[in-house]
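K.L.:
Pasting a predicted model and its sequence here:
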Amino acid sequence: MVCLGNICRSPLAEGIMQNKIEAHGLNWEVDSSGTGAYHAGELPDPRSIKVAKENNIDITNQRARQFQKDDFKNFDLILTMDATNFQNVKKLAANSEEVSKIQMIMNFVTPGMNQVVPDPYYGNDGFGNVFEMLDIACERIIEKHK
Ligand code: 4NP
């Protein structure tokens, strides 16, 4: 799960997916990162922690880290929140097989539409919407790949 800062959107995506992995008894690993390193080492944004907690998901075990090239080797799917994240991870791909692992996460809900999970960092009311979008997307990913 990849966004820009790894403090707002992708920590929610990781937490939601981890919760569903456990609920479905799947042997999957999920992690998250940001294309930027500005917030590396930090806890998720308090507003993401709050909306996760309201949905009985604890994301306070997470710490932000930057996306790295090895993530292509360690994961089968690289799911980005928006088109900028997509382009930035694509630049780090070593070959076409790695490029083919990258998808915009909302394309699991609205295929081919390249819908973005909007960056909620500068507002205060976007976090519930982000949670709902990611909850549906994670459910679709599980249905498709489990
Ligand atoms: P995220 O949100 O990419 O969903 O974690 C952001 C977090 C921090 C910044 C931008 C977006 N920032 O500019 O510091």
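P.N.:
Perfect, thanks for sending it. What you are looking at is a predicted structure, and each value in this text was computed from that prediction instead of being measured.

K.L.:
Only C-alpha atoms from now on, for both contacts and neighbour counts.
P.N.:
Noted.

K.L.:
Now Met1. Nearest residue, chain neighbours left out?
P.N.:
Ser32 (4.5 Å; Cα to Cα, 6 or more residues apart in numbering).

K.L.:
From Leu79, how far off is that neighbour?
P.N.:
From Ser32 over to Leu79 the distance is 9 Å, taken as Cα to Cα, to the nearest Å.

K.L.:
and if you look at Asn56?
P.N.:
Asn56 sits 23 Å away from Leu79, going by Cα to Cα.

K.L.:
And for Glu42?
P.N.:
In this view, Glu42 and Leu79 are 21 Å apart by Cα to Cα.

K.L.:
Check Asn6 too.
P.N.:
Using Cα to Cα, Asn6 is found at 13 Å from Leu79.

K.L.:
of these two, who's got more company?
P.N.:
Neighbour count, other Cα atoms under 10 Å: between Asn6 and Leu79, Asn6 has more, with 31 against 22.

K.L.:
That one falls within a strand, correct?
P.N.:
No: counting by DSSP: H, G, I helix; E, B strand; the rest coil, Asn6 falls outside a strand, being coil.

K.L.:
Can you give me the neighbour number for the nearest residue to it once chain neighbours are set aside?
P.N.:
Spatial nearest neighbour of Asn6, chain neighbours left out: Gly34 (4.4 Å); criterion: Cα to Cα, 6+ apart. Neighbourhood size, Gly34 [other Cα under 10 Å]: 27.

K.L.:
I'd say Gly34 and Pro11 touch.
P.N.:
No: between Gly34 and Pro11 there is no contact under Cα atoms under 8 Å: 9.5 Å.
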